[in-house]
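>>> Turn this into a model:
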Amino acid sequence: MNDIISNKTNDTYLKTPLFSIMNSKVSFYFKREELHFDFNLISNVQIIENRVFFINYIFAFTGFTFFYFVKNKFNIYLSPIYFSVVFLGIIYFSFLYKQFSYKLLINNENLVFHELKVSSQNINHAQYFMTLYKKRQRLSI
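Residues are numbered from 1 along each chain as shown. Got it, this is the predicted structure:
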């Protein structure tokens, strides 16, 4: 998951695909940018998880459209009970698929929040950074 490397000057650093830590400097890598923070000045770290409903709305709309065309093409008459069961079934199955977006919130001591979007591939690295921060915070108390 990570590579801890020591060089001749006894500078130890940790490198992951999302971030790297060298002594007390933290660098985050996003697309073609690098963001640098001082690890000692970070006062709080949070991961925010939001569910994305766009694909669920597409599934529900497609299901209702398909149901409408099948019902009209074959001249199927459904009683209100069956119609409500099919209606609820389409809604239930369209919302079974879950997709999330993640943000890493970093608060500095000067009360500045940095909001970093994290891909689902890098969420484990963001959680690892959060555990490193919490561990360092416990050791410094």
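
>>> so how far is Ile90 from the residue of the chain positioned farthest from its centre?
Most distant from the centre of the chain: Asn75, at 45.1 Å, with distances by CA atoms, centre = their mean. Asn75 sits 20 Å away from Ile90, going by CB to CB, to the nearest Å. For every residue, glycine as well, the C-beta is placed using N, CA and C.

>>> What residues does the residue nearest the centre of the chain make contact with?
Note on the chain: the residue nearest the mean C-alpha position is Tyr102, at 2.2 Å, using CA atoms, centre = their mean. Counting by CB atoms under 8 Å, 6 or more residues apart in numbering, Tyr102 makes contact with 47-50, 117-120, 123, 126.

>>> Can I get whatever helix or strand Thr131 lives in in PDB, CA atoms only?
In the assignment (DSSP states H and E), Thr131 maps to helix 123-140. Only the C-alpha atoms of helix 123-140 are listed here, as PDB (Å, rounded to 0.1, in the frame of the first residue of the first chain):
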ATOM      1  CA  ILE A 123     -10.200   6.300  -0.900                       C
ATOM      2  CA  ASN A 124      -8.100   3.700   0.900                       C
ATOM      3  CA  HIS A 125      -5.100   6.000   0.700                       C
ATOM      4  CA  ALA A 126      -7.200   8.900   2.000                       C
ATOM      5  CA  GLN A 127      -8.400   6.700   5.000                       C
ATOM      6  CA  TYR A 128      -4.700   5.800   5.500                       C
ATOM      7  CA  PHE A 129      -3.700   9.400   5.700                       C
ATOM      8  CA  MET A 130      -6.500  10.100   8.200                       C
ATOM      9  CA  THR A 131      -5.300   7.200  10.400                       C
ATOM     10  CA  LEU A 132      -1.700   8.600  10.200                       C
ATOM     11  CA  TYR A 133      -3.000  12.000  11.200                       C
ATOM     12  CA  LYS A 134      -5.100  10.600  14.100                       C
ATOM     13  CA  LYS A 135      -2.100   8.500  15.300                       C
ATOM     14  CA  ARG A 136       0.200  11.500  15.200                       C
ATOM     15  CA  GLN A 137      -2.300  13.600  17.000                       C
ATOM     16  CA  ARG A 138      -2.600  11.000  19.800                       C
ATOM     17  CA  LEU A 139       1.200  10.800  20.100                       C
ATOM     18  CA  SER A 140       1.600  14.500  20.400                       C
END
